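Asks: task: produce atomic coordinates for the following.
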Amino acid sequence: MKSVMRGNIKTAVASLRGNKWRSFLTMLGVIIGVVSVISIVSIGEGVKHQVGQQITHMGKDLITVRPGQVSTDATSDLRLLAGDGSSGTLTKKDYTTVNDTSGVDVAVPLGVVGGKVAAQHGTYNDGPVIATTENLPQVLNQPLAYGGFFTNSDEQSNIAVLGQHAALTMFNENVPLGQTFDFRGQQFIVGGVFDQFDTTPFSLDANFNNAIFIPYSVSQQLTDNNTPIYELLARPKIASQT
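Replies: Below you'll find the predicted structure:
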């Protein structure tokens with residue numbers, strides 16, 4: 001029996017030596033296949049872990065509403081936040097509908113306003129200007145590190161809240177409260193700075209630490225009531241127990 005096995009092994013080795021290139025290509029194909037499977041599984045687990053972290057941080061009752069696809073003429077910031085697509089964005093009417101829906105406790109829009117931001121250290125290009133409403137910190141479960149978020153009484157005021165990277169890059173300081181910057185011909189004053197964002201709601205590319213947040217009503221004035229909304233966030237009145 002042992003002699004048969006030794007004979008088979010010698011035959012296999014001889015076959016490999018006689019067909020080196022074919023053997024090499026076969027091994028290479030097997031190696032590439034195994035590596036591909038491992039990579040795909042690893043990527044899937046990474047995405048699953050990231051989404052799990054977002055759900056844990058923001059809560060299981062966070063509701064997101066997005067358009068099926070994003071307009072082809074959307075700004076680069078809008079594409080970064082919402083992804084590529086071919087038609088439509090959400091509107092103020094969509095926001096009002098969600099906000100007035102029975103069972104919804106609070107809803108906020110996330111819109112993107114294009115334009116140049118001129119700060120103390122030149123033009124700021126690292127992040128988007130996001131239009132939203134006063135309840136964003138509550139909906140995101142995200143505290144502020146300094147200052148405060150704009151309130152309903154500030155909805156017509158040029159007040160801005162910054163992500164931490166935006167604050168440091170624009171003003172070279174962590175607490176630029178009271179500092180000003182220009183945007184679309186208007187001067188905005190910094191009223192607050194968010195605590196460090198560990199994640200951005202269901203986006204693999206965007207980073208709210210780079211963002212500038214302004215009141216949605218002010219953005220509507222700047223855009224002649226045409227601020228594109230890429231996402232609505234909402235919380236129900238009674239959180240699910242499942």
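Asks: contacts and neighbour counts: CA atoms only from here.
Replies: OK.
Asks: so Leu232 bridges to which residues?
Replies: Val65, Pro109 (DSSP bridges).
Asks: what sits against it?
Replies: 64-66, 95, 107-110 (C-alpha atoms under 8 Å, 6 or more residues apart in numbering).
Asks: among those, which one lies nearest to Ser153?
Replies: Minimum distance to Ser153 across the contacts of Leu232 is 16.1 Å, recorded for Val108 (C-alpha to C-alpha).
Asks: shaky segments in this protein?
Replies: Across the chain, the ranges flagged by pLDDT under 70 are 1-24, 42-59, 68-88, 200-205, 239-242.
Asks: do a quick rundown of the helices in it.
Replies: Ranges of helices within the chain are 2-18, 20-58, 76-82, 92-99, 136-140, 164-171, 216-222, based on DSSP state H.
Asks: in the contacts of Leu232, which residue is surrounded by the most others?
Replies: Pro109 (28 neighbours; other C-alpha atoms under 10 Å).
Asks: that residue and Ile229 touch, don't they?
Replies: Yes. Taking C-alpha atoms under 8 Å as the definition, Pro109 is a contact partner of Ile229 at 6.5 Å.
Asks: would you list the contacts of Leu232 in TSV and tack on distance to Asn152?
Replies: Converted to TSV, the contacts of Leu232 look like this (distance: C-alpha to C-alpha, whole Å):
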residue	distance to Asn152
Thr64	22
Val65	23
Arg66	24
Tyr95	16
Ala107	14
Val108	12
Pro109	14
Leu110	16
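Asks: number of nearby residues for Thr169?
Replies: 18.
Asks: and it, what does it touch?
Replies: Thr169 neighbours (C-alpha under 8 Å, 6+ apart): 121, 124.
Asks: go on, Leu168?
Replies: Asn174.
Asks: going by distance to Ala206, which of the contacts of Leu232 wins?
Replies: Closest to Ala206, out of all of the contacts of Leu232 and judged by C-alpha to C-alpha, is Leu110, at 12.8 Å.
Asks: if I look at that closest one, how far off is Phe213?
Replies: Leu110 sits 9 Å away from Phe213, going by C-alpha to C-alpha, to the nearest Å.
Asks: overlap in contacts of these two?
Replies: Common neighbours of Leu110 and Phe213 (C-alpha under 8 Å, 6+ apart) are 130-132.
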